[in-house]
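> build me a model:
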Amino acid sequence: MSDIRRRDPRQEWIARNRLHPQHLEVLAELGQGAASEWMGPNGVLRRNPHAVGFIGPNGLRRIDRSGAQQGVANAGTSASAAVQKPWVEIDDPAFSVMVVPDMAGGRLSGHDRDLLGLARRLADADPDARGVVVAIIFGPHKEANFGEAGIDRLLCLDSPEMAGYSPEARLVALAQAEQSWSPRHWLLPDSSLGGGELGRRLAARLGERPATGVWQVEADAEVSSGWRCIARGAAESLDIQRPLPRVALALAECAEPVSDTRHAAAELTLPQPLPSTLSRIEDLGQVAVDPSGVALSEAEFILSAGNGVKDWEGYHHAAEVLGATEGASRVAVDDGFMARDRQVGATGTWVSARVYVAVGISGAIQHLQGIQTCEKVVAINMDPGCDMIKRADLAVIGDSARILEALVSLVKQAREEKRNAA
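Next up is the predicted model:
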């Protein structure tokens, strides 16, 4: 017989179709099968999501989270995965990298975690002389997993002078941290939430020429710092390369966030107390605004409606009670239920909300493109197989009118209890 290898188009098609009942068998025949779980190089348990579960009688993949099909012993694997992350504690660091995250809403944002990933990369570049990542947090916070974000030392400055908009007071604290620890690098997010302004003020105080709009950092032995950064310039029309300076303001996705290790996040304190009079600026608090008047591109909380919404009066009432900015799919706009400027998607407005709630939206590709930078997506839909459910971080299957009515009741009850407690 001939030794020429013949292709089997049907077999290749089955190998590409994960929903075919013979998918795993064909992968095994082709030698492309992969284990469902294996131990990574850093001791973290890795999982192949395509190899988890079993094929049901209708050719659909089913995942039994109770452990009845795969064994009860594997049911708690996801819960114990975080415990298996290796613990990292650096007692005698060679240097430090200071990070000042924005902490929007009192928690580490995706931008902050990317920045900490970049700091972790700079600190761990030399295994013989490792550095520590020090995070400086201003005001009260709600974050409980600083160690899993790659932080070795944590300096919390939660005095009343540091809360709200207080760039001068924060600058005094950063200058004292510079005098006490002399970090090798200062990293701040180049954002409009405060990091961009504070980073430029810090660079002026230290007499440094900062790198702004940094989106990539590469190792380069030819420069004195050992690193070269690439930044956006000329209204993001070109890239500017230069040696990485001491002060850098980085964009989102500048590096991969830390996910494989847990760090100590030991608390630090300033060697000397801060002066009592720090700022000439008085923060009078936030100004109450009507959520309906906020532009979609600037909104942090969006309640978006689609073709599945039938009770529009209940939807508008829910948006008012929740304090959310209203959005809509193209179908809802074309049907005349919402204004054209409320349309979300590639053919409407690209949004970057912290929380995006899609009510009765199936998830067309243009709509999914418009919400790809949202941090958390919640989907309320009757169809458990729609694309929006697959995209969502949290999915609620059921009638949207009843779910919104129940949500409004819970919010009103919580507010009433809070008023009574006060």
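> so which helix or strand takes in Ala346?
Ala346 is part of no helix or strand when elements are defined by DSSP states H and E.
> and Leu238, what's its pLDDT?
Looking at Leu238, its pLDDT is 88.
> just give the closest residue to it, not the sequence neighbours.
Leaving aside its sequence neighbours, Leu238 sits nearest to Arg232 (C-beta to C-beta, 6 or more residues apart in numbering; 7.9 Å). Quick note: C-beta positions are derived from backbone N, CA and C, even for glycine.
> and what of His316?
Per C-beta to C-beta, 6+ apart, closest to His316 is Glu326, 7.3 Å.
> roughly how far apart are Leu155 and Leu174?
Separation of Leu155 from Leu174 (C-beta to C-beta, to the nearest Å): 10 Å.
> and for these two, which residues touch both?
Ile136 (C-beta atoms under 8 Å, 6 or more residues apart in numbering).
> neighbour-wise, which of the two wins?
Per other C-beta atoms under 10 Å, whichever of Leu155 and Leu174 has more neighbours is Leu174, with 23 against 19.
> hang on, that one in a helix?
Yes. Looking at Leu174 with DSSP: H, G, I helix; E, B strand; the rest coil, it is inside a helix.
> so where's this protein shaky on pLDDT?
1-6, 16, 18-19, 30-83, 277-278, 422 (pLDDT under 70).
> now whichever helix in it runs longest, how far from the chain's geometric center?
Secondary structure assigned by DSSP state H gives helix 400-421 as the longest helix of the chain. Its chain's C-alpha centre and that of helix 400-421 lie 27 Å apart, by C-alpha atoms, centre = their mean, to the nearest Å.
> residues in contact with that helix?
Taking C-beta under 8 Å, 6+ apart as the rule, helix 400-421 contacts 308-311, 314-315, 317-318, 321-322, 359-360, 380-382, 396.
> just the buried ones from those?
Buried members of the contacts of helix 400-421, counted by 16 or more other C-beta atoms under 10 Å: Gly308, Val309, Gly314, Tyr315, Ala318, Leu322, Val359, Gly360, Ile380, Asn381, Val396.
> can you put the residues you listed in TSV and add distance to Arg205?
Converted to TSV, the buried ones among the contacts of helix 400-421 look like this (distance: C-beta to C-beta, whole Å):
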residue	distance to Arg205
Gly308	54
Val309	52
Gly314	53
Tyr315	49
Ala318	47
Leu322	41
Val359	48
Gly360	52
Ile380	48
Asn381	51
Val396	49
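> for those residues, give me TSV that also has secondary structure and distance to Arg130.
Formatted as TSV, the buried ones among the contacts of helix 400-421 follow (DSSP: H, G, I helix; E, B strand; the rest coil; distance: C-beta to C-beta, whole Å):
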residue	secondary structure	distance to Arg130
Gly308	coil	53
Val309	coil	54
Gly314	helix	56
Tyr315	helix	53
Ala318	helix	51
Leu322	helix	46
Val359	strand	48
Gly360	coil	51
Ile380	strand	47
Asn381	strand	48
Val396	strand	45
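> out of those residues, which is nearest to Ala163?
Leu322 (25.2 Å; C-beta to C-beta).
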